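>>> Take a look and give me a structure for this.
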Amino acid sequence: QVQLVESGGGLVQAGGSLRLSCVLSGRTGTNYSMGWFRQAPGKEREFVAAINWSGGIYYADSVKGRFTISRDNTKNTVYLQMNSLKTEDTAVYYCASTPRGGRMVAPASYDYWGQGTQVTVSS
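Purely as a prediction, here's the structure:
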C-alpha cells in the first residue's frame, strides 16, 4: 500500500523559510514523479512544484525563484524548500505521487496523496 507522509509545516513570519518533507512508502523503484500542491481556505487545490523520475523540475509561476523541490531516492523522500515566504503562501500543502513522467502539474495526474501539512505565514 502506497503511503505519503508530509512534515515540516508550521507558523512562520513573512520573509522566513520552511522546509517540507514527504516520505513515500509502498512504491518500488524510482520511476515515479512527485508533486507538491497547496489548498487555501475557499480555494481550489493548486500546483506548486513537481519533479519527475528523469529529473525534470517544474514550478508554478507564483513560487518560481523562492521554492525549490528536490528528491532523495535513497530515502524515498521529496523536499520543498520554501524561502521568502509571503502571506499568500498560507495553505495546506500536500505531496502526491504518480507513475507518470513528463510535466505533471494537474492534480488529476496523481494517484496517491498525503494527508497535508499546514503552512501559515504571518505578516
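>>> So what pairs up with the residue most central in space within the chain in the strands?
By Cα atoms, centre = their mean, the chain has its centre lying nearest to Trp36, at 2.2 Å. Per DSSP bridges, the residues bridged to Trp36 are Ala49, Cys95.
>>> And the strands in this protein?
For the chain, the strands defined by DSSP state E occupy 3-7, 10-13, 18-25, 33-39, 46-51, 57-59, 67-72, 77-82, 91-98, 112-113, 117-122.
>>> wait, doesn't Pro107 sit right on Gln39?
No. In this structure, Pro107 is not within contact of Gln39 by Cβ atoms under 8 Å, at 9.6 Å. All C-beta atoms are positioned from the backbone trio N, CA, C, and that covers glycine.
>>> Common neighbours of those two, please.
By Cβ atoms under 8 Å, 6 or more residues apart in numbering, Pro107 and Gln39 have these common neighbours: Arg45.
>>> quick one: contacts of stretch 107-116?
With Cβ under 8 Å, 6+ apart, stretch 107-116 has contacts from 2-6, 22, 27, 35, 37, 39, 45, 47, 92-100, 104.
>>> May I see the buried residues of that stretch?
Residues Pro107, Ser109, Tyr110, Tyr112, Trp113, Gly114, Gly116 are the ones in stretch 107-116 that count as buried (16 or more other Cβ atoms under 10 Å).
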